[in-house]
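Asker: Dropping a prediction and its sequence here:
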Amino acid sequence: MRSLFFALLFSAFVFVGAPQAAHAEEAAKPSAAGSAFTDAQRTELTSLIRQFIVDNPQALIASVESFYNKQNEEKAKQEGKLDKVPSGLYDAPLTPSIGPKDAKTTVVYFFDYNCGFCKQVDTDFSRLISEEKNVRFLFKDLPILNESSELAARWALAADKQGKYMDFHNALMQRSGSIDEAALTALAKEKGLDAAKLKVDAADSSISEALQKNLDLARSVGVRGTPFFLFGKEKVPGAISYSKMKELVTKERDGIVVPQAAKDAAAAQIAEGQAAKDTAAASGVDIDTQAEIDRARAEAKQMMGEITKEAGIPNPMEGKKPDVAASVAGAKKKKK
């Protein structure tokens, strides 16, 4: 709302003009806080703004709507699908990657080593990488937070030249504290890298060009912060959960959406149904006829079909029938 306040402040100031000459001597006295306005100017502006809002309520509403419209426009730029894949997104030099180059699915990850949210998603992202062997993952170092972010990115890309980018990347994501040359040198030695060569390579112009390319790509894609993902052409800003990552990969790879929550719910229903069946058998519940067995199974199958259809997973009750009769016979035998 601060942007809105300053917009109104400027509007009010322009609307009524500068403080009147009658207040010139008093207005010339600066405030104790060292503000751009004197105490007298601030008082007068406050009064004018209040009166402006009272006299022009529609202007306030329009300003609020404009503010939120701009926010929604920014959000839209970061979400949705890419209209066009920018040149170099998948094949720019010094873009570390994991997975086959001819993979059907590609995930692009923009990050900053000083980004707390990037560190937050790193464990889940690493888990996704370990499970999805037929997906290509591209790493776009995007040092936007401060100078130490760029220093870390340079050393990480230099580590790629020694074939140990992921070792260095993971170590940087897992560590806490400030990043400086001493810390990077210690980390390099810990990971078995040639620290002296790393320092030289980190200053190479090829790395400068790679980082500039990443920045240009980020702008063209609509990145406004880190972390930021591209699952195929799907733009996904912010820290997302492992289940969301898995859902997006499945959607991109198989063309279907399988919410992890729905999968979990279906699995719980399946487990609950199995537990109920085991309890009934163990307590010697009598099921007198095969017709009753079939009817009960048909009802359970229909219910499970509805659950699993919504979740997008196979119905575990399709196909081979369990030996219910044998279970019942065993239960009756126990009862005797």
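Answerer: That came through, no problem. Residues are numbered from 1 along each chain as shown.
Asker: Output the lowest mean pLDDT helix or strand found in this protein.
Answerer: Lowest on mean pLDDT, DSSP states H and E among the helices and strands of the chain sits helix 24-27, with a mean of 37.
Asker: Flag every buried residue along the helix or strand just after that one.
Answerer: Proceeding N to C from helix 24-27, the next assigned helix or strand is helix 39-55, under DSSP states H and E. Using 16 or more other C-beta atoms under 10 Å as the test for burial, helix 39-55 gives 40-41, 44-45, 48-49, 52. All C-beta atoms are positioned from the backbone trio N, CA, C, and that covers glycine.
Asker: Now render those residues as CSV, adding distance to V121.
Answerer: Rendered in CSV, the data for the buried residues of helix 39-55 read as follows (distance: C-beta to C-beta, whole Å):
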residue, distance to V121
A40, 51
Q41, 47
E44, 50
L45, 45
L48, 47
I49, 43
F52, 45
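Asker: mind putting those in JSON lines, distance to E150 and pLDDT included?
Answerer: Compiled in JSON lines, those are given as follows (distance: C-beta to C-beta, whole Å; pLDDT from 0 to 100):
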{"residue": "A40", "distance to E150": "46", "pLDDT": "84"}
{"residue": "Q41", "distance to E150": "42", "pLDDT": "81"}
{"residue": "E44", "distance to E150": "46", "pLDDT": "82"}
{"residue": "L45", "distance to E150": "41", "pLDDT": "78"}
{"residue": "L48", "distance to E150": "45", "pLDDT": "77"}
{"residue": "I49", "distance to E150": "42", "pLDDT": "75"}
{"residue": "F52", "distance to E150": "45", "pLDDT": "77"}
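Asker: Can you tell me which of those residues is nearest V135?
Answerer: Proximity to V135 was ranked across the buried residues of helix 39-55 by C-beta to C-beta; first place goes to I49, at 54.6 Å.
Asker: For stretch 230-243, measure first residue to last.
Answerer: 16 Å (C-alpha to C-alpha, to the nearest Å).
Asker: same question for it, mean pLDDT?
Answerer: Looking at stretch 230-243 alone, the average pLDDT works out to 94.
Asker: what does that stretch contact?
Answerer: Applying C-beta atoms under 8 Å, 6 or more residues apart in numbering, the contact partners of stretch 230-243 are 78-82, 85, 89, 105-108, 117-118, 120-121, 124, 127-128, 221-225, 227-229, 244-245, 248-249, 251-252, 260-261.
Asker: So which of the residues you listed are in strands?
Answerer: Residues of those located in strands (DSSP state E): 80-81, 105-108, 228-229.
Asker: can you give me the strands for the chain?
Answerer: 80-81, 97-98, 105-111, 135-141, 228-231, 234-237.
Asker: ok and the fourth one relative to strand 105-111, angle-wise?
Answerer: I take that to be strand 135-141. Following axes from the mean of the first three to the mean of the last three C-alpha atoms, to 10 degrees, one obtains 20 degrees for the angle between strand 135-141 and strand 105-111.
Asker: Please indicate which of the ones in strands among the contacts of stretch 230-243 are buried?
Answerer: Using 16+ other C-beta under 10 Å as the burial test, these include 105-108, 228-229 as buried.
Asker: now, which of the residues you listed sits nearest L142?
Answerer: The shortest separation between L142 and any of those is 7.8 Å, and it belongs to F228 (by C-beta to C-beta).
Asker: and the closest residue to the closest one other than its chain neighbours, how many neighbours does it have?
Answerer: The spatial neighbour of F228 that comes closest, neighbours along the chain excluded (C-beta to C-beta, 6 or more residues apart in numbering), is F110 at 4.2 Å. Residues lying near F110 (other C-beta atoms under 10 Å) number 25.
Asker: F110 contacts A218, correct?
Answerer: Yes. Using C-beta atoms under 8 Å, F110 makes contact with A218 at a distance of 5.7 Å.
Asker: Now list whatever residues contact both of the two.
Answerer: When contacts are counted by C-beta under 8 Å, 6+ apart, F110 and A218 have 140, 142, 228 as shared neighbours.
Asker: so can I have a markdown table of these showing distance to A203?
Answerer: A markdown table is the format used below for these (distance: C-beta to C-beta, whole Å):
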| residue | distance to A203 |
| --- | --- |
| K140 | 20 |
| L142 | 19 |
| F228 | 27 |
